[in-house]
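Asker: need coordinates for the following:
(one chain, ligands or ions: 1)
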Amino acid sequence: MDCLVDQGQRTSGLVENMSAQLHFLVLTFPLQGHITPALRLARRLLAAAPDALVTFSTNEAAHRRMFPAKPAADAPHDVAEYEEDGDGRLEFLPFSDGTESGYVRGSDSAAFNEYMVTLGAAGPRSVGELLDALAARGRPVTRVVYTLLLPWAADVARERGVPSALYWIQPAAVFAVYYHYFHGHAGAVIDHLHDPSFLVQLPGLPPQAVRDLPSFLTESADPSDCFHGAYAAIRDLFDSLDRDAPKATVLVNTCEELEAVVLSSFGAYHMLPIGPVLPAGDEAGLFKQDDAKYMEWLDTKDANSVVYVSFGSLARMAREQLDELLQGLEESGRPYLCIVRKDQLVEAETEPPEMDARPRNGMVVEWCDQVRVLSHAAVGCFVTHCGWNSVLESVACGVPMVAVPQWSDQRINSGLVESEWRVGMRAEVGSDGVLRAAEVRRCLGEVMRERDAAGDVRSAATEWKHAVVEALGKGGSSDRNLMAFVEGVNGGVQL
Ligand code: UDP
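Answerer: Numbers count the residues shown, from 1 in each chain. Predicted structure coming up:
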């Protein structure tokens, strides 16, 4: 697993003997794509500051899924805490979101917006109680770090005199798009919503087609949209950042090398790129690992020969799409490892899939250890929905991509993959939104073609992998930025 950076060992300076014990409360929205980078950051903070404490908190439903074997505490902030690593520096304590089972994606189109309203009422109360309980236990929190969709977190911290930092878990480019939209440039988007190919020019960013902008802006600004709650949360987030005096701090899961131009053009907040965060040991998550012996299967394959396919933790897939995908993979003649959870299939309730019977040249499994898979020498390409964690993991492992973006930030992410870093290509989907078998074949033929020309995506992927390893290593850009955050000082300025 040569892409796994031992971030603990590579961290340059160690923060010791500080007057008050550092204690970070890392708060995260309860989705896998948020929990993963939040937990990785928690471990990096512990490695950077060997005396620091970290309390990791997500909602109760996700907490129960992460730790199914542990007995539930009587109350969310009970001292029946969940300790890891034996030394008690990392604790897991859930907050209440006002629900029993959290947000459950289903056929009810109002469910997400209703959930966000419930969370917005119960979350601040519960996180406030958590901060008070930790202080009462003699472990006061010295800094709150929160992921997106929790726009109230900074206010809860402020009320108690605790500084906070946003942890942005999407590209800096997407942060900049949202920032400018909510700071005087909304009209440039709204006026052209009817023209998806119109190129919007925002400060410091390359022109972006309206269709590629985050769907939370182009679709969910409409109050009747089923994800309007996400739009409102991002709007409120910028409102909150702007109230943070003198300047808000934003940790970004990216590195300076990957997004140099946009990061350098951005002066509104203290932007600290500290990524890409990568696993440093076992990771608790929401999904159970498939028992299938996919690593052993990969061991039997030639270097760079296997196509790995995953559309992340949230994407849903129609039967027709799955059939086209598997047909394209089979026809490509290449071995493949494809992730499909049964609950991900749109028709799962009515037509139980018989996935095990289908593949001839590959494996279909429900959930794998993705970074281990991407780190395997046999994997030559990643067909991905371009969730930001997946993109960063692929870059960190030097694996070229076929991008099949769907919503949220994914289309901008695919633009970074294809045009900015040139480590992959974007597949074309039909007007019905379906990726056809022929397109799967075409893209795999392109991305996996052996070439020695300078435009080869594989050599670009290898170069970016080295850049990322350097950024994370001792004295690298992300390492320095993380230390600045832990020490509370950046460029001589108090954070
Ligand atoms: N993932 C995994 N096993 C799988 C599929 C995905 O561990 O079989 C992880 C992947 O490594 C990534 C996360 O799930 O860290 C998905 O996050 P991403 O931002 O890519 O997409 P999302 O799920 O938020 O759409």
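Asker: so what's residue 203 up against?
Answerer: By Cβ atoms under 8 Å, 6 or more residues apart in numbering, the contact set of residue 203 is 176, 180, 185, 265. Using the backbone N, CA and C atoms, a C-beta is placed for each residue, glycine as well.
Asker: go on, residue 281?
Answerer: residue 43.
Asker: for it, grab phi and psi.
Answerer: Main-chain dihedrals, residue 281, degrees, to the nearest 10: phi 120, psi -170.
Asker: which parts of the chain belong to which domain?
Answerer: Following automatic domain parsing, one finds the domains of the chain at 7-282+470-490, 294-469.
Asker: mind putting the ones you listed into TSV with distance to the ligand and mean pLDDT?
Answerer: Formatted as TSV, these follow (distance: least, Cβ to the nearest ligand atom, whole Å; pLDDT from 0 to 100):
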stretch	distance to the ligand	mean pLDDT
domain 7-282+470-490	2	90
domain 294-469	2	91
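Asker: quick one: closest of those to residue 288.
Answerer: Of all the domains of the chain, domain 294-469 sits nearest to residue 288, with 6.5 Å by Cβ to Cβ.
Asker: can you turn the buried part of the contacts of residue 203 into a ChimeraX selection?
Answerer: In ChimeraX syntax, the buried subset of the contacts of residue 203 is picked out as below (16 or more other Cβ atoms under 10 Å):
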select :176,180,185
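Asker: so which pair among the contacts of residue 203 is furthest apart in space?
Answerer: That would be 185 and 265, which, of these, are the farthest apart (Cβ to Cβ) at 14.0 Å.
Asker: how about the contacts of residue 203 in TSV, adding secondary structure?
Answerer: As requested, those are exported to TSV (DSSP: H, G, I helix; E, B strand; the rest coil):
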residue	secondary structure
176	helix
180	helix
185	helix
265	coil
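Asker: residue 436: what's it in contact with?
Answerer: Taking Cβ under 8 Å, 6+ apart as the test, what residue 436 contacts is 324, 328, 429-430.
Asker: ignore the last one, residue 32
Answerer: Applying Cβ under 8 Å, 6+ apart, one finds that residue 32 lies in contact with 285-287, 312-314.
Asker: which of the residues you listed are buried?
Answerer: For these, buried by 16+ other Cβ under 10 Å: 285-286, 312-313.
Asker: show me the contact partners of stretch 447-463.
Answerer: For stretch 447-463, the external contacting residues (Cβ under 8 Å, 6+ apart) are 304, 307, 334, 380-381, 394-395, 398-402, 421-425.
Asker: put the buried members of those into a ChimeraX selection.
Answerer: Selecting only the buried entries of those in ChimeraX, with 16+ other Cβ under 10 Å as the criterion:
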select :307,334,380,381,394,395,398,399,400,401,402,421,422,423,424,425
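Asker: inside strands: which ones of the contacts of stretch 447-463?
Answerer: Using DSSP state E, the subset of the contacts of stretch 447-463 located in strands is 307, 380-381, 401-402, 424-425.
Asker: residues making contact with stretch 223-235?
Answerer: 109-113, 115-117, 148-151, 178, 182, 215-217, 219-222, 408.
Asker: burial count for residue 463?
Answerer: By other Cβ atoms under 10 Å, the residues close to residue 463 number 14.
Asker: check which residues of the helix or strand hosting it are buried.
Answerer: Per DSSP states H and E, residue 463 falls inside helix 457-472. Neighbour-count burial for helix 457-472, counted by 16+ other Cβ under 10 Å, picks out 457-461, 464-465, 467-472.
Asker: and the strands in the stretch 1-150 of the chain?
Answerer: Applying DSSP state E, counting those that start in this stretch to the stretch 1-150 of the chain gives strands spanning 23-27, 53-57, 82-84, 90-92, 143-147.
Asker: quickly list what residue 147 is bridged to.
Answerer: For residue 147, the beta-bridge partners under DSSP bridges are residue 167.
Asker: pretty sure it contacts residue 165?
Answerer: No - between residue 147 and residue 165 there is no contact under Cβ atoms under 8 Å: 10.7 Å.
Asker: re the thing from before, is it possible to get a markdown table of the contacts of residue 436 that adds neighbour count and secondary structure?
Answerer: Converted to a markdown table, the contacts of residue 436 look like this (neighbours: other Cβ atoms under 10 Å; DSSP: H, G, I helix; E, B strand; the rest coil):
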| residue | neighbour count | secondary structure |
| --- | --- | --- |
| 324 | 19 | helix |
| 328 | 24 | helix |
| 429 | 15 | coil |
| 430 | 10 | coil |
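Asker: any idea which of these is closest to residue 300?
Answerer: residue 328 (22.6 Å).
Asker: which residue is the nearest non-sequential neighbour of the closest one?
Answerer: Spatial nearest neighbour of residue 328, excluding adjacent residues (Cβ to Cβ, 6 or more residues apart in numbering): residue 440 at 2.6 Å.
Asker: tell me the SS of that neighbour?
Answerer: helix.
Asker: would you list the phi and psi of residue 325?
Answerer: Dihedral angles for residue 325 - degrees, to the nearest 10 - are phi -60, psi -50.
Asker: tell me the angle the strand or helix carrying residue 446 makes with helix 457-472.
Answerer: Following DSSP H and E, one finds residue 446 within helix 437-447. Angle, helix 437-447 to helix 457-472, by axes from the mean of the first three to the mean of the last three Cα atoms, to 10 degrees: 70 degrees.
Asker: quick one: buried residues of helix 437-447?
Answerer: Using 16+ other Cβ under 10 Å as the test for burial, helix 437-447 gives 437, 439-444, 446-447.
Asker: likewise stretch 256-264?
Answerer: Within stretch 256-264, the residues scored as buried using 16+ other Cβ under 10 Å are 256-259, 262-263.
Asker: now do the helices in the stretch 251-400 of the chain.
Answerer: Ranges of helices in the stretch 251-400 of the chain, per DSSP state H, counting those that start in this stretch, are 260-264, 294-299, 319-332, 370-375, 388-397.
Asker: now the last one and helix 457-472, what's the angle there?
Answerer: With the same axes, to 10 degrees applied, the angle from helix 388-397 to helix 457-472 works out at 100 degrees.
Asker: how far is the lengthiest helix in the chain from where the chain is centred?
Answerer: Identified as the longest helix of the chain according to DSSP state H is helix 111-136. Distance, stretch centre to chain centre, for helix 111-136: 22 Å (Cα atoms, centre = their mean, to the nearest Å).
Asker: can you tell me which helices and strands that helix packs against?
Answerer: Packing partners of helix 111-136 (3 or more Cβ pairs under 8 Å, 6 or more residues apart in numbering; DSSP states H and E): strand 23-27, strand 53-57, helix 153-159, helix 228-243.
Asker: if we can go back for a sec, closest to residue 375 out of the contacts of residue 203?
Answerer: Nearest member of the contacts of residue 203 to residue 375, counting by Cβ to Cβ, is residue 176, at 30.6 Å.
Asker: residue contacts, the closest residue to that closest one other than its chain neighbours?
Answerer: Computed as Cβ to Cβ, 6+ apart, the closest residue to residue 176 that is not its neighbour in sequence is residue 262, at 5.3 Å. Counting by Cβ under 8 Å, 6+ apart, residue 262 makes contact with 172-173, 176, 204-205.
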